[in-house]
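Engineer: only geometry, no sequence info:
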């Protein structure tokens, strides 16, 4: 068996020194070596461990090839074999204990042969196969989502969609699920979204920022999920969860520190349905806003015997946002001083503001990366990208060290809300079996926006935030050339005022071809998705992306930059798949991808799409139907999350 390369985790491990000390808050992390322990379930009986070699920079470590009998009162149980689990990138995920009989039955080999633990004799775990076990959950868990937003209560982007839908899917599979999020009160009609939540009358004190902070809890039980809202005056202000028209709130570190502390206490103190969730929970912490939960479990609870059976999984939706604040603020977080290394962060020289700037900071997301039991991103492609210099935003080295527990699961969508056969926002319903309503939606959109009604003219759409990440600069460069073609272009979004003003000016310049809707409107986004023929997504990076999934479900063909979740979900069109000599026969693909991220490559992909629409109607219809019949449900993603959760509980807590 080939040697296993252990990642150098301890370079970033929060407890690096052999003798615990209380370093200065600005001290750096120790660089000692760390050898993780291999944990086995307590029910292991009569297990046979064969030769395993492990290599490290300090030299080889081996477990001798001899039988070790672990005896128990019940001597009649089957022996179990230790086998490896490898992820899609070839990295060690964990170890699995398999019965002799089951392994022999699966492989057709004898027990003696299996005992050698050859890598080619171990079945590789496939997360993607988990959806085949629909509604057949073997072990039910107490799962606690911690998030800054959850639809429909609060929403600024895809994070809210995930934390509003995935909990319901997991609850439907038999798990007990709680979602913990702030109770935002803005003084507007939107506050009615929290009207179903009842004050539990159980305020608690959490200790951070120099004293005791009192927080309350509101609760609503809906669709099998306990929705718990943390109540504090800092969450009661105009704007969105993170800022207002004047910019980002300056006390966001305080607000989300409160959320994390309250989330750790809620499973212990809230008797929801008459019973608390208790200590054996699985915390799903989402992005930097909830990242402190993993650090709190390791530093404040487990040392005193609390949450010793709990696990935490970090879900990274967008690594560009990390919760970085000056190092001096560490003393406000309510953490032991010796755990500064978990959050300690130093900016590179080029990123510092002046010559005397030491670059020292605390980084919430980094704290979760080095303490969580597992790490998940919202697509397989993004799980690789964040380990690269281009996509890691400074955290790539730490993530590479933890690559063995890093996985990617593509998000689902709400197929009830996004369903062209029953969507109340669009002019005419349609489906993959009857596409006649699609052109009616197109005509209705052209009328609504004041464009010439031309059913045969290809309409290109864009829906999203107006910022650099979404590739607006590329669209700006391409519009003058694209407007020379026989197309219409529709944009919906808000964000950078420079882009908003550009949309207005472009609409005035190309009155019969371009429309820009500044702002965001849910019904209009549905009508654009249904009425356009092509959806353009030239994102510079895209962790998962949802608009391309919505588009394919509505028979609108995506043209996307080949990055992150866009590369995972959009299959490039091939009209001659399988070596067919007849155009359209055996065709495959659901859209077009382009790379590199340039105006020229984007225009080439768009013109392929336009030409196919104009000249190859049968191929276009095939593209529409393949996209509309794809499985986008959260049930599929929930089954894959279950597999990650089981892996987390197989091993002892990482910290």
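Structural biologist: Right, received. Where do you want to start? Being a predicted model, the structure only gives us computed values, none of them experimental.
Engineer: for residue 221, phi and psi?
Structural biologist: Main-chain dihedrals, residue 221, degrees, to the nearest 10: phi -100, psi 110.
Engineer: please apply the same query to residue 516.
Structural biologist: Given degrees, to the nearest 10, the pair of backbone angles that residue 516 has is phi -120, psi 120.
Engineer: what's the closest non-adjacent residue to it?
Structural biologist: If you skip the residues right next to it in sequence, residue 516 has residue 503 as its closest partner in space, 3.1 Å away by CB to CB, 6 or more residues apart in numbering. For glycine as for every other residue, the C-beta is placed from the backbone atoms N, C-alpha and C.
Engineer: thought residue 282 was touching residue 372, still the case?
Structural biologist: No: because the distance of 11.3 Å does not satisfy CB atoms under 8 Å, residue 372 is recorded as not touching residue 282.
Engineer: which residues are common contacts for those two?
Structural biologist: With contacts defined as CB atoms under 8 Å, 6 or more residues apart in numbering, the residues shared by residue 372 and residue 282 are 312, 313.
Engineer: rewinding a little: can you get me a residue count around the residue nearest to residue 516?
Structural biologist: By the measure other CB atoms under 10 Å, the count of residues near residue 503 is 22.
Engineer: that one and residue 509 touch, don't they?
Structural biologist: No: under the contact definition of CB under 8 Å, residue 503 does not touch residue 509, with a separation of 10.9 Å.
Engineer: per-residue pLDDT, residue 581?
Structural biologist: The predicted local confidence for residue 581 comes out at a pLDDT of 40.
Engineer: which SS class is residue 177?
Structural biologist: strand (DSSP: H, G, I helix; E, B strand; the rest coil).
Engineer: secondary structure element holding residue 315?
Structural biologist: Following DSSP states H and E, the helix or strand that holds residue 315 is strand 311-316.
Engineer: what lines up beside that strand in the sheet?
Structural biologist: Using DSSP bridges, strand 311-316 pairs in its sheet with strand 281-286 (parallel), strand 374-377 (parallel).
Engineer: elements contacting the helix or strand just after the shortest one?
Structural biologist: If I follow you right, that is strand 374-377. Following strand 374-377 in sequence order, the next helix or strand is helix 380-385 (DSSP H and E). Helices and strands in packing contact with helix 380-385 are listed as strand 406-408, helix 564-569; criterion 3 or more CB pairs under 8 Å, 6 or more residues apart in numbering; DSSP states H and E.
Engineer: so for residue 494, which of these sits nearest?
Structural biologist: Ranking these by their distance to residue 494 (criterion: CB to CB) puts helix 564-569 first, at 21.7 Å.
Engineer: and for the nearest residue to residue 598 once chain neighbours are set aside, the neighbour number?
Structural biologist: Counting by CB to CB, 6+ apart, the nearest residue to residue 598 once its immediate chain neighbours are dropped is residue 474, at 7.7 Å. Counted with other CB under 10 Å, the burial measure for residue 474 works out to 21 neighbours.
Engineer: in the helix or strand hosting residue 474, what counts as buried?
Structural biologist: In this assignment (DSSP H and E), residue 474 forms part of helix 472-482. For helix 472-482, a neighbour-count test (16 or more other CB atoms under 10 Å) marks 472, 473, 474, 475, 478, 479, 482 as buried.
Engineer: helix or strand right after it?
Structural biologist: strand 488-493.
Engineer: can you show me the strands along the stretch 301-450 of the chain?
Structural biologist: All strands of the stretch 301-450 of the chain, identified by DSSP state E, counting those that start in this stretch, fall at 311-316, 324-326, 344-346, 360-363, 374-377, 406-408.
Engineer: partner strands of the fourth one, with direction?
Structural biologist: When you say that, I think you mean strand 360-363. As defined by DSSP bridges, the strand partners of strand 360-363 come to strand 324-326 (antiparallel), strand 344-346 (antiparallel).
Engineer: burial check on residue 445, number of neighbours?
Structural biologist: 25.
Engineer: surely it and residue 526 touch.
Structural biologist: No: with contacts counted by CB under 8 Å, residue 445 stays clear of residue 526, the gap being 10.4 Å.
Engineer: identify the contacts common to these two.
Structural biologist: Contacts common to residue 445 and residue 526, judged by CB under 8 Å, 6+ apart, are absent.
Engineer: so which bits of stretch 587-606 are buried?
Structural biologist: Buried residues in stretch 587-606, counted by 16+ other CB under 10 Å: 587, 589-594, 597, 599, 601-603, 605-606.
Engineer: what of stretch 482-491?
Structural biologist: By neighbour count, with 16+ other CB under 10 Å as the criterion, the buried positions of stretch 482-491 are 482, 483, 487, 488, 489, 490, 491.
Engineer: pretty sure the second one contacts residue 512?
Structural biologist: No: applying CB under 8 Å as the test, residue 483 and residue 512 come out as separate, 9.7 Å apart.
Engineer: now residue 230: which helix or strand?
Structural biologist: If you go by DSSP H and E, residue 230 is part of strand 225-231.
Engineer: which outside residues touch that strand?
Structural biologist: For strand 225-231, contacts defined as CB under 8 Å, 6+ apart pick out 150, 153, 167-168, 171, 176-183, 194, 197, 199, 215-221, 258-259, 262-263, 266, 270, 272-273.
Engineer: filter those down to the buried ones, PyMOL style.
Structural biologist: Here is the PyMOL selection string for the buried members of the contacts of strand 225-231, based on 16+ other CB under 10 Å:
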select buried, resi 150+153+167+168+171+176+177+178+179+180+181+182+183+194+197+215+216+217+218+219+220+258+259+262+263+266+270+272
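Engineer: now, the contacts of strand 225-231 that are in strands?
Structural biologist: Where these overlap with strands, as defined by DSSP state E, the overlap consists of 176-182, 199, 215-221.
Engineer: flag the shaky bits of the chain, pLDDT-wise.
Structural biologist: 1-138, 578-586 (pLDDT under 70).
Engineer: in it, which residue is closest to the centre?
Structural biologist: Central residue check for the chain by CA atoms, centre = their mean: the C-alpha nearest the mean position is that of residue 378, 2.9 Å away.
Engineer: find the nearest non-adjacent residue to that residue, please.
Structural biologist: Take residue 378 and drop its neighbours on the chain: the residue closest to it by CB to CB, 6+ apart is residue 544, 3.8 Å away.
Engineer: a strand runs through that neighbour, doesn't it?
Structural biologist: No: Residue 544 is assigned coil when assessed by three-state DSSP, not a strand.
Engineer: would you agree it is in contact with residue 381?
Structural biologist: No: judged on CB under 8 Å, residue 544 makes no contact with residue 381 at a distance of 9.0 Å.
Engineer: between the two, which has more neighbouring residues?
Structural biologist: When residue 544 and residue 381 are compared on other CB under 10 Å, the one with more neighbours turns out to be residue 544, at 26 against 23.
Engineer: what's the distance between the closest residue to residue 148 other than its chain neighbours and residue 316?
Structural biologist: Spatial nearest neighbour of residue 148, chain neighbours left out: residue 289 (3.8 Å); criterion: CB to CB, 6+ apart. Separation of residue 289 from residue 316 (CB to CB, to the nearest Å): 12 Å.
Engineer: picking that back up, TSV please, covering the strands paired with strand 311-316 and showing distance to residue 562.
Structural biologist: Supplementary listing: these in TSV, determined by distance: least, CB to CB, whole Å:
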stretch	distance to residue 562
strand 281-286	26
strand 374-377	17
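Engineer: export those to JSON lines and tack on mean neighbour count?
Structural biologist: Conversion of the strands paired with strand 311-316 to JSON lines gives the following (neighbours: other CB atoms under 10 Å):
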{"stretch": "strand 281-286", "mean neighbour count": "27"}
{"stretch": "strand 374-377", "mean neighbour count": "24"}
